[in-house]
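>>> Sequence and predicted structure, then a few things I'm wondering about:
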Amino acid sequence: MPVSQSELTQHFEHVLKLSRVDETQSVAVLKSHYSNPFIVTAAMEASYRLGAKAYAVELPAFNHRTAMGNDLTAYVGHTALTGHPAAQQALMAADLVVDTMMLLHSPEQEAILKSGTRILLAVEPPEMLARMLPSLEDKRRVEAARQPFEAAETFRVTSAAGTDFRARLGQYPVVTEYGFADEPGRWDHWPSGFLFSWPNEGSAEGKLVLDIGDILLPFKTYVRDKPVTLEIEEGFIRRIHGGFDAEYLREYMAHFKDPDVYAISHIGWGLQPRAQWTALGLHDKNDAIGMDARAFHGNFLFSTGPNTEVGGPRNTPCHMDIPMRHCSVYLDDMAVVKEGDVVAPEASRIET
Ligand SMILES: O=c1ccc(O)c[nH]1
Ligand SMILES: [Fe+2]
């Protein structure tokens, strides 16, 4: 459904307040020609309503010859900010950056965060921003799940479809996303509501079987033909087989001619009850980057390719996010998700 400018501006006021925007703060709205003008206006107006000093930093869109489609998460790492120290300074000068361009998975984003500046990504359509308006309750539940994740040494995933995946943890931090940037140097994404970390280098092993209904981003397709089996050894996907969806994935990844595209990247699970597995099917491919799919309650989300944002060695541009249903996720011997239901820690569960 369409969302009015006044409703969207009110939602931005709510989220920027949660992001500690007030009269002591400056807010830079990073935009380009493809930014949603309703979002840019709402971010600026809401900042001024909260007494903050807002300003816009406009950059031309960045395109690369190997990038295909318009999804902002498909080709990551190299952005309009790459090699642009003046614009980076202009953003680091702000207390909060509202990113309507998508800097995620870029070294430049990390440099801005290291300066203490907070970044809030907001590129989804207003309908999704309104439906998954963040709350302190979201933060409480997602942060409750952080603790056992940070303490765990192993991550294991199984499913009736045949998934049997494991990885060692500890080399990389846990990242939470609850929809607002309230701590110095924090990046967050509105809408969201999930958490993830990365396997220790070379430790991801086993089989991931994408069953019918599992989702391939940025393709924005549900697996429909036959299950897709990914065989993983020493942190990398060695074989992809199944039906049409497997062939399409193989062909797409081969296009980048970069062995790092087959690396397993972030792994985690969804905790957002207002995100819907079905929502992706109701949006055109260029409408959204598909945050319902990444955040729906009880998913297992894994990804492939880059790990630059945690100081990892891989800056490959090809990034797949693949949320799966009906999986069981274990941290050491504790199940946090059982066949698609969030079971622990208790404080991360929603009151039903
Ligand atoms: O919110 C996001 C979006 C994309 C991604 O790769 C991670 N988190
Ligand atoms: Fe991702």
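Sure thing, it's come through. Ligands and ions are numbered 1, 2, ... in the order given.
>>> Residue 328 is in what secondary structure piece?
Using DSSP states H and E, residue 328 falls within strand 327-331.
>>> Now do the helix or strand that that strand is followed by against strand 327-331, angle only.
Moving toward the C-terminus from strand 327-331, the next helix or strand (DSSP H and E) is strand 334-338. For strand 334-338 against strand 327-331, the angle by axes from the mean of the first three to the mean of the last three C-alpha atoms, to 10 degrees is 160 degrees.
>>> residues in the stretch 251-352 of the chain within reach of ligand 2, list them.
Taking C-beta under 5 Å from the ion as the criterion, the stretch 251-352 of the chain approaches ligand 2 at residues 303, 321. For glycine as for every other residue, the C-beta is placed from the backbone atoms N, C-alpha and C.
>>> residues touching residue 3, list them.
Going by C-beta atoms under 8 Å, 6 or more residues apart in numbering, residue 3 touches 38, 126-127, 129-130.
>>> Looking at the residues you listed, spot the one nearest ligand 1.
Relative to ligand 1, the closest of those is residue 129; by C-beta to the nearest ligand atom it sits at 13.1 Å.
>>> burial count for the closest one?
A count of nearby residues for residue 129, using other C-beta atoms under 10 Å, gives 26.
>>> and it, what helix or strand is that in?
helix 126-131.
>>> Please determine whether that helix lies in contact with ligand 1.
No. Counting by C-beta under 6 Å from any ligand atom, ligand 1 is not contacted by helix 126-131; separation bottoms out at 12.1 Å.
>>> Is ligand 1 within reach of the helix or strand that comes right after that helix?
Per DSSP H and E, the first helix or strand lying C-terminal to helix 126-131 is helix 136-151. No. Residues of helix 136-151 are not located near ligand 1 by C-beta under 6 Å from any ligand atom, the shortest gap being 12.2 Å.
>>> Let me see the mean pLDDT of the following helix or strand past helix 136-151.
Counting by DSSP H and E, the next helix or strand C-terminal to helix 136-151 is strand 154-159. Throughout strand 154-159, pLDDT has a mean value of 98.
>>> List the buried residues for the following helix or strand past strand 154-159?
Reading on from strand 154-159 to the C-terminus, the next helix or strand found by DSSP H and E is strand 164-168. By neighbour count on 16 or more other C-beta atoms under 10 Å, the buried set for strand 164-168 is 165-168.
>>> Now strand 164-168: average pLDDT?
In this model, strand 164-168 has an average pLDDT of 98.
>>> Can you list the helices and strands that it packs against?
With contacts taken as 3 or more C-beta pairs under 8 Å, 6 or more residues apart in numbering; DSSP states H and E, strand 164-168 sits against strand 154-159, strand 205-210.
>>> would you list the ones you listed in a markdown table and tack on mean neighbour count and distance to residue 217?
Listed next are those as a markdown table, based on neighbours: other C-beta atoms under 10 Å; distance: least, C-beta to C-beta, whole Å:
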| stretch | mean neighbour count | distance to residue 217 |
| --- | --- | --- |
| strand 154-159 | 21 | 18 |
| strand 205-210 | 21 | 12 |
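>>> Show me which residues of this structure sit near ligand 1.
73, 104, 177, 189, 192, 294, 303, 321.
>>> and with 5 Å instead?
73, 189 (C-beta under 5 Å from any ligand atom).
>>> Which residue ranges of the chain form helices?
Taking DSSP state H as the criterion, the chain carries its helices at 5-18, 37-49, 85-92, 107-114, 126-131, 136-151, 244-254, 291-295.
>>> got a list of what the residue in the stretch 151-300 of the chain positioned nearest to ligand 2 touches?
The nearest approach of the stretch 151-300 of the chain to ligand 2 comes at residue 266, 5.5 Å away (C-beta to the ion). Applying C-beta under 8 Å, 6+ apart to residue 266 gives the contacts 175, 196-198, 301-303, 307.
>>> now, the most widely separated pair of those?
Farthest pair in the contacts of residue 266 (C-beta to C-beta) is 301 and 307. Separation: 15.0 Å.
>>> No more questions from me, cheers.
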